[in-house]
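> structural data only, the sequence is not supplied:
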């Protein structure tokens with residue numbers, strides 16, 4: 001019963017549409033009407049600016065961290081806490097407070113890892129930043145990080161590198177969430193193949209993207 005309670009709390013936490021609410025309350029803008037139409041961190045940065053984007057990222061990340069550590073704080077150990085954290089990711093992607101149309105789960109997934117495997121998160125963050133610098137694309141950095149997450153979740157525990165051993169729930173959830181992140185970026189993948197993907201003003205843009213004005 002306690003596990004179900006925390007799963008519901010985690011889903012509701014994840015369902016808080018940070019970027020959407022910040023845009024409507026403080027900027028008078030509905031993110032769904034601008035840019036990519038997504039309510040996550042990247043589109044918030046693009047439409048509302050650095051301040052709003054940073055706050056949205058922090059809020060979305062915090063949702064995942066709180067959902068993961070909350071059951072630990074209350075001594076609920078029947079299931080791995082990452083199972084609870086995964087409910088926050090589900091809420092962020094399909095939020096009950098925003099018509100079940102949410103973000104792409106990158107920031108909230110990072111928050112879950114921060115609460116469960118912080119050193120592994122730092123490794124994936126390094127991968128993300130390297131790809132971002134080379135490509136100037138948050139989307140590609142997210143996709144590559146997700147792919148690396150799938151591979152390393154299967155490989156690292158065998159060598160006790162960053163992950164001490166195989167954890168069934170951790171492995172299944174990381175693979176599932178990484179796959180979800182990739183699927184949620186399918187439109188970005190199409191634009192990347194056409195060399196029309198949106199860029200950030202940082203990095204080398206080695207694939208020579210030329211986004212539409």
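It's in. Not measured: the values here are computed from a predicted model.
> show the average pLDDT along the longest helix along the chain.
Selection of the longest helix in the chain by residue count, based on DSSP state H, yields helix 50-73. Per-region confidence: helix 50-73 scores 95 on mean pLDDT.
> what packs against the helix or strand just after it?
Downstream of helix 50-73, the first helix or strand assigned by DSSP states H and E is helix 81-93. For helix 81-93, the elements it packs on are helix 2-14, helix 50-73, helix 106-116, helix 168-184, judged by 3 or more Cβ pairs under 8 Å, 6 or more residues apart in numbering; DSSP states H and E. For glycine as for every other residue, the C-beta is placed from the backbone atoms N, C-alpha and C.
> let me have those helices in CSV, extended by mean neighbour count and distance to residue 191.
Putting those into CSV (neighbours: other Cβ atoms under 10 Å; distance: least, Cβ to Cβ, whole Å) gives the following:
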stretch, mean neighbour count, distance to residue 191
helix 2-14, 19, 27
helix 50-73, 20, 20
helix 106-116, 27, 17
helix 168-184, 18, 14
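> need these in JSON lines (columns: distance to residue 44).
Below are these laid out as JSON lines (distance: least, Cβ to Cβ, whole Å):
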{"stretch": "helix 2-14", "distance to residue 44": "16"}
{"stretch": "helix 50-73", "distance to residue 44": "4"}
{"stretch": "helix 106-116", "distance to residue 44": "10"}
{"stretch": "helix 168-184", "distance to residue 44": "16"}
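> of all those, which lies closest to residue 137?
Closest approach to residue 137 among the helices and strands packed on helix 81-93 (Cβ to Cβ): helix 106-116, 12.8 Å.
> how much does the helix or strand following that closest one deviate in direction from helix 106-116?
Beyond helix 106-116 in the direction of the C-terminus, DSSP H and E gives the next helix or strand as helix 118-135. Calculated by axes from the mean of the first three to the mean of the last three Cα atoms, to 10 degrees, helix 118-135 forms an angle of 150 degrees with helix 106-116.
> packing partners of helix 118-135?
Secondary elements touching helix 118-135 (3+ Cβ pairs under 8 Å, 6+ apart): helix 106-116, helix 138-159.
> columns distance to residue 46 and mean pLDDT on top of these, output as a markdown table?
What follows is the helices and strands packed on helix 118-135, written out as a markdown table (distance: least, Cβ to Cβ, whole Å; pLDDT from 0 to 100):
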| stretch | distance to residue 46 | mean pLDDT |
| --- | --- | --- |
| helix 106-116 | 15 | 96 |
| helix 138-159 | 9 | 97 |
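> let's have the ones you listed in CSV, adding distance to residue 98.
As requested, those are arranged in CSV below (distance: least, Cβ to Cβ, whole Å):
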stretch, distance to residue 98
helix 106-116, 14
helix 138-159, 20
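> among the ones you listed, which is nearest residue 173?
helix 106-116 (8.4 Å).
> helices or strands up against that closest one?
Counting by 3+ Cβ pairs under 8 Å, 6+ apart, the packing neighbours recorded for helix 106-116 are helix 50-73, helix 81-93, helix 118-135, helix 168-184.
> elements contacting the longest one?
Using 3+ Cβ pairs under 8 Å, 6+ apart as the contact test, the elements touching helix 50-73 are helix 2-14, helix 18-26, helix 41-48, helix 81-93, helix 106-116.
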